[in-house]
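Engineer: please work out how this folds:
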Amino acid sequence: MPKEKTKREHISPSDLTFLFGECHRCFWLKYNLGVSRPGFMPLVGPMASMQEKTFQGKTSTDLGLKNQGGLVTSWGQTVVLLW
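Structural biologist: Coordinates of the predicted model:
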């Protein structure tokens, strides 16, 4: 008996912006059947990596920020604001 596919609970922001806006059927296929169309933005990954490397290991002073001191120690995760 094949394993039943479950629907995804997380929808990426870029899919909401680009995929859903361009093709509702493609969006449905991806999130309901796991069928993805070929990528259309080949530079997104390399550009994101370059941007992350700009901030990795830098202090707030290095980045020109005029706030309390700090050091960038984590990346590639969800940002949570604590008030």
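Engineer: for the top helix by length along the chain, give the mean pLDDT please.
Structural biologist: Identified as the longest helix of the chain according to DSSP state H is helix 44-55. The average pLDDT for helix 44-55 rounds to 81.
Engineer: show me where pLDDT drops low in this structure?
Structural biologist: Residue ranges of the chain with pLDDT under 70: 1-8, 39-43, 67-68, 76-83.
Engineer: so where do the strands sit in it?
Structural biologist: Counting by DSSP state E, one finds no strands in the chain.
Engineer: helices of the chain, start to end?
Structural biologist: 13-14, 20-22, 24-33, 44-55.
Engineer: quickly compare those and say which is most buried.
Structural biologist: Per residue and on average, the most neighbours among these fall to helix 24-33, with a mean of 14 (mean count of other C-beta atoms under 10 Å). Where you see a C-beta, it was placed from the backbone N, CA and C, and this is true even at glycine.
Engineer: quick revisit: which of the helices of the chain sits closest to Thr73?
Structural biologist: helix 44-55 (10.4 Å; C-beta to C-beta).
Engineer: what sits against Ser49?
Structural biologist: Under the criterion of C-beta atoms under 8 Å, 6 or more residues apart in numbering, Ser49 has no neighbours.
Engineer: return the distance of the longest helix of the chain from the chain's centre.
Structural biologist: Distance of helix 44-55 from the chain centroid (C-alpha atoms, centre = their mean, to the nearest Å) equals 12 Å.
Engineer: tell me, how many residues neighbour the residue lying closest to Thr59 once chain neighbours are set aside?
Structural biologist: With C-beta to C-beta, 6 or more residues apart in numbering as the criterion, Thr59 has its nearest non-adjacent residue at 5.3 Å, and that residue is Leu71. Neighbour count of Leu71, defined by other C-beta atoms under 10 Å: 10.
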